[in-house]
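>>> Structure for the following, please:
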Amino acid sequence: MKNRTVVISSERLNRKGFRVLTEGADLSQYKKNPILLWMHMRPWRGTEDEIMPIGKVNNVRKEDGKVMGELEFDTEDPFAKKVADKWDKGIYKMVSPGLTPIEFSEDSKHLMPGQKYATLTKWRLDEVSVSDIGANDDAMAIKNRETGKYVTLTDDTDLSFLPEIKTKEKQTMKNIALKLGLAEDANEKTILEAIGALNTKIETLQTSESEIRLKAITNAVETAIREKRITEKQKEHYVSLGDKVGLDMLNETLGGIEPAVKPTELIDKGAGSKGGGAVTKKEKWEDYTEAELEQLKSDDVETYKLLFNQHYGFEPNLK
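Numbers count the residues shown, from 1 in each chain. You can find the predicted model right below:
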């Protein structure tokens, strides 16, 4: 008879990204009923097309870091005999354990390069199946602890129920997600979208802050012009200065410039003025007579415009 000794499980890293430690295997229950199935199929429906167990596994043991056993096929079952014949011909060469996870570990001593999920350190062997095409050299079916059902390690298997290894990179992503107000398990796309939205908000705030700052600087310069500290021609220069040194420094600079003319000063242009006399100091527009306003407009149009604006709320049209 052909050699039917098989490796049921080993500690190699499977292509789904996790390992199963042989040391933590509980074989006691399986040894009481060491059934051999076909492709993890059990007869649930009670129909004729269902496949009954095709044999058993003898001498189940731990050996050299592996779980080993010898297959014994039920050759009185036509289907089992077909499988046995193909096994003996070398057509089938792989078995797959059906197991229930008990305990996982993320300890670095159990991890291998490329490992994605935590190492299964304690588990129970439930059944062994002959497998035609396994997901890897040590094919297996593992019980989903959330649903209680077995899943095989095919390319499209959802293994989200397995604990992922919390690498430094994953922990960093988790911290970023929480800082952004997202769920700690937010994916990369969601995090990048949140960062993009935050950058847009920051840019908007920066633009708004810049506009407010420029408006405050411009208002300070225009006030200095009205107070005769600087001229209209100097406006652009002082706005540019304020943008460089800041509003506080600009106000300090402008405040140190003596006004050439103040609205409350005596305005006396001498004999060269139209009125030929002096306009006495006045506090408000309405304190001037019509003649005095005409003289003021002729002698000091800037003060005239200032008082006009203060009284009416807009600039006079002097054209």
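
>>> Just list whatever residues bridge to Ser9.
When assigned by DSSP bridges, Ser9 has beta-bridge partners Val67.

>>> I'd guessed it sits against Ser96; true?
No: when contacts are counted by C-beta atoms under 8 Å, Ser9 is not listed as touching Ser96 (9.2 Å). For glycine as for every other residue, the C-beta is placed from the backbone atoms N, C-alpha and C.

>>> any idea of the mean pLDDT for the lengthiest helix in the chain?
In the chain, ranked by residue count with DSSP state H as the criterion, the top helix is helix 188-226. Confidence over helix 188-226 (mean pLDDT, whole number) is 86.

>>> Tell me how far that helix lies from the chain's centre.
The chain centre lies 24 Å from the centre of helix 188-226; the measure is C-alpha atoms, centre = their mean, to the nearest Å.

>>> same thing with stretch 117-130?
Stretch 117-130 has its average C-alpha position 34 Å from the chain's average C-alpha position, going by C-alpha atoms, centre = their mean.

>>> related to what we said a few turns ago, for the longest helix of the chain, buried residues please.
Applying a neighbour-count criterion of 16 or more other C-beta atoms under 10 Å, the buried positions in helix 188-226 are Ile191, Ala194, Ile217, Ala220, Val221, Ala224, Ile225, Arg226.

>>> Over to stretch 104-117?
With the criterion 16+ other C-beta under 10 Å, stretch 104-117 contains buried residues Phe104, Ser105, His110, Leu111, Gln115, Tyr117.

>>> Give me the pLDDT for Leu71.
Among the per-residue scores, Leu71 holds a pLDDT of 94.

>>> isn't there a strand covering it?
Yes: using DSSP: H, G, I helix; E, B strand; the rest coil, the assignment for Leu71 is a strand.

>>> count of neighbours near it?
If you count neighbours by other C-beta atoms under 10 Å, Leu71 ends up with 22.

>>> Would you enumerate the residues in contact with it?
The contact partners of Leu71, taken as C-beta atoms under 8 Å, 6 or more residues apart in numbering, are Arg4, Val6, Leu36, Gly55, Val57, Asn58, Trp87, Val95, Val130.

>>> ditto for Ile195
Under the criterion of C-beta under 8 Å, 6+ apart, the contact list for Ile195 reads Leu180.

>>> What of Leu182?
Contacts here follow C-beta under 8 Å, 6+ apart; on that basis Leu182 touches Thr190, Ile191, Ala194.
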